[in-house]
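Enquirer: coords below, sequence missing:
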């Protein structure tokens, strides 16, 4: 285990985090929010101090850096980042309990959007901004950011592939161009461009600049922290529709946008994952509109709410324009299913990912065929390319780990004696990085009522969901820590 | 610059290692996904899995926007088809193909035209040529040529009790009685750039530049040269051995090849009627003794196994064979090999990669980059060839007035094809070819040598 190299990476990540807190500090200073400013100064101080300590201790790191180091490094970075990112909330006394502050921050970085705050409008603006900004950074990943800005000497090493693979969602993460640094830059440029576009559209709808920035950051990361107590419900229909469209866009694999830039329209058009994602969204909207007959006064309103909620859930954002907990059972069932499916691989969304659903289904079909024709040899194909058996195996292993962790967390948080629906949807909402669940954790409620133990379980769930389980799981494996 | 490398074999992997350290965008194409996985995990490159001769795969690898394609799969025919297809997709693409079947050697020039190849490489033939060059001047451990062969950089070992022992570099001219320049000295594994007061000691490896004519003089005056090799034993009958035997036959040297495999022996006997083909295990001392190892002039070990080559070479050095050349496929472990008496070490894949890297730099050489770069002294030092152009600073100023970086040595200047060893009064002039030797730092442009 190359601890020194990992230490160096973590030190750098904390420095990046400290730099990210600066704009929030400036907003605080501008709005004269003394408590929040104090919180940010202490937070930045702690991050810089720890980073310098790590960088100082880890001088002269060796070269060996393998898949194991990459996974552990990503897992630990996210934990450290969350621990320090929560300090502003805690020190400014906006969230008095540290574990609550941590829950809020992890929920931010993992783009979950589950909150323990009963109301947010009284909160300091700088803290609200920081809450939304954690979504934005967490969406594309802070290590990817580090790779984009790091010196070429480091990003030239092949091992950076392990970091990208561990942090970016999807079963088969690849580079867009040969150089890692360029790949990371392209991703971030696309990301920043789309976010700016979103801000412009929100501003055109008459939203205040501060709220547009926060909402856009939350949308871009498919996070879901709102700046108003009623999330997006209070905004005009135009703004709600803008949110729907952009949430959908951020749930698409970013490779598709790169292909569009290269004018490879046909490849995007034929992309099976994109087709599944879009088809699923349209079908769900249609079914829910049919099911909601009579709930809203006009068809336009029904379609708007149905579309918003479907997109918000499938991209794992978690904004809400209406309390879908009051919807009929069939609509809620559809939303619950969409929670599991999630967005596309290589997007900022969470969940099981459309591509994995495709792989699992195709593999299942193959196995059914095997029963009928035992001697038949078949290869699973996606976009006309054969899929390696290794990836299918990994997907199956992921499904197993996913189910197991899900059930374990469900049982563990049930100790608090909430209803089965609440617990089930709470784990679902955290593990898939969505945010709101049903009943006691529904769109109008929050996670504040859970015990400290349950909150820790849910924090681990959120991290595991965002990093796709293995980087977190490996931290509990003894052999990962052994010297070799 | 965008480069596509087809074939992730020995040459492909070595190329990736060398080129990915520089600012090139590399895409690797291979049929074996496992090999590609291990390459992408070690180097910052992109990988495409598939047959490199298929249009679809080439397009996926971005051939339309690439600048150079290097086809180095195991099959010559695939390499040719790959280059031809790629050239059809992108007519301004430079293509390099590895062609190593001895039967194609005669038609290489015609093939280059027919398949629109920019260059062909043949690692085995190149190794054979290199070995022949070493055999011509026994006593040099390594020879690198510059300026199309007009200037040479050679490696010598200071032998205990030899003429070079305890000589100050200022007095070197009176000892060797010809013009040479010592650029780098490797003492106890460390490369140093010596000054005039440096005293040579036994065991030092010295790197010397000289014109071709002076090399012979140097050897004669040092008393190293005894006689030219007349009888040579080659262990292993691979492709390099075939090329080498053909080359040596022209210089009238008797060649004995020891090969284990009966069928291979018959093929060799048919191909090389002038050589003495012996079927036997070269690692068996009895076989070597009966072939007269103790009286031969040179032993060249070229079986497919590095370990075997090393053992035979060690046995040869015990038998006091005057010149030993060992072929090694794996050269990463050079640190360990220093302590062994293996004579000159030849690595076909590295020779081939050096040629290709040189070509890559030449393609890019619009901005004064090096024409040729040789890595010497186990990679601790580099010798590079530059052309002086308008952008070069301090033209026509004597070198003694210039401030040149530490550990940088101007090792040779070629003006209108005449090699000249520089002294304090020498100067650069537009059109000159300059050879620079550096240790410990990389020189990308000629202007980098000035403080």
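Expert: Yep, that arrived. Given the structure is predicted, the values throughout are model-derived calculations rather than measurements.
Enquirer: Mind checking what helix or strand follows the helix or strand of chain A with the lowest mean pLDDT in sequence?
Expert: Between all helices and strands in chain A, the lowest mean by mean pLDDT, DSSP states H and E belongs to helix A:152-155, at a mean of 58. Later in the chain than helix A:152-155, the nearest helix or strand by DSSP states H and E is helix A:160-167.
Enquirer: what packs against that following helix?
Expert: Secondary-structure packing of helix A:160-167 (3 or more CB pairs under 8 Å, 6 or more residues apart in numbering or on different chains; DSSP states H and E): helix A:67-85, helix A:142-149, helix A:180-204, helix A:470-473, helix B:33-42. (C-beta placed from N, C-alpha, C; glycine too.)
Enquirer: SS state for the residue most central in space within chain B?
Expert: Closest to where the C-alpha atoms of chain B average out (CA atoms, centre = their mean) is residue B:351, at 3.9 Å. With DSSP: H, G, I helix; E, B strand; the rest coil as the basis, residue B:351 sits in helix.
Enquirer: re the thing from before, adding mean pLDDT, write the helices and strands packed on helix A:160-167 out as CSV.
Expert: Shown next, in CSV, are the helices and strands packed on helix A:160-167 (pLDDT from 0 to 100):
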stretch, mean pLDDT
helix A:67-85, 89
helix A:142-149, 85
helix A:180-204, 93
helix A:470-473, 88
helix B:33-42, 86
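Enquirer: Pipe these into TSV and attach distance to residue A:9 per row.
Expert: Shown next, in TSV, are the helices and strands packed on helix A:160-167 (distance: least, CB to CB, whole Å):
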stretch	distance to residue A:9
helix A:67-85	5
helix A:142-149	7
helix A:180-204	14
helix A:470-473	13
helix B:33-42	17
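Enquirer: Mind putting those into TSV with distance to residue B:392 and mean neighbour count?
Expert: Formatted as TSV, those follow (distance: least, CB to CB, whole Å; neighbours: other CB atoms under 10 Å in any protein chain shown):
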stretch	distance to residue B:392	mean neighbour count
helix A:67-85	45	22
helix A:142-149	35	21
helix A:180-204	32	19
helix A:470-473	52	21
helix B:33-42	37	17
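Enquirer: Between those helices, which one is closest to residue B:388.
Expert: Closest of those to residue B:388 is helix A:180-204, at 34.0 Å (criterion: CB to CB).
Enquirer: Would you mind listing what in the stretch 1-150 of chain B touches chain A?
Expert: B:2, B:20-21, B:25-27, B:33, B:39-46 (CB under 8 Å from any CB of the partner chain).
Enquirer: do that again at 6 Å, thanks
Expert: By CB under 6 Å from any CB of the partner chain, the residues of the stretch 1-150 of chain B that approach chain A are B:25-27, B:33, B:40-46.
Enquirer: Check these against residue B:91 and report the nearest one.
Expert: Among these, and counting by CB to CB, the member closest to residue B:91 is residue B:27, at 19.2 Å.
Enquirer: now the closest one, what's its secondary structure?
Expert: Three-state call for residue B:27 (three-state DSSP): strand.
Enquirer: Please read off the pLDDT at it from the model.
Expert: pLDDT, residue B:27: 93.
Enquirer: Tell me how many other residues surround it.
Expert: Using other CB atoms under 10 Å in any protein chain shown, residue B:27 has 22 neighbouring residues.
Enquirer: how close does the most centrally placed residue in chain A sit to residue A:125?
Expert: Nearest residue to the geometric centre of chain A (CA atoms, centre = their mean): residue A:111, 3.7 Å. Between residue A:111 and residue A:125 the distance is 21 Å, computed by CB to CB, to the nearest Å.
Enquirer: Residue B:432 too?
Expert: As judged by CB to CB, residue B:432 and residue A:125 stand 67 Å apart.
Enquirer: the more surrounded of those two?
Expert: residue B:432 (22 against 17).
Enquirer: my read: the more buried one touches residue B:417, true?
Expert: No - using CB atoms under 6 Å, residue B:432 makes no contact with residue B:417, being 10.8 Å away.
Enquirer: Just to be sure, the residue nearest to the centre of chain A is in a helix?
Expert: No - per three-state DSSP, residue A:111 lies outside any helix segment and is coil.
Enquirer: Does it touch residue A:222 like I think?
Expert: Yes - contact criterion CB under 6 Å: residue A:111 and residue A:222 qualify, at 5.3 Å.
Enquirer: ok, back up a step: possible to save the residues of the stretch 1-150 of chain B next to chain A as CSV with distance to residue A:144?
Expert: Output for the residues of the stretch 1-150 of chain B next to chain A, formatted as CSV (distance: CB to CB, whole Å):
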residue, distance to residue A:144
B:25, 19
B:26, 21
B:27, 21
B:33, 24
B:40, 17
B:41, 17
B:42, 20
B:43, 19
B:44, 15
B:45, 18
B:46, 17
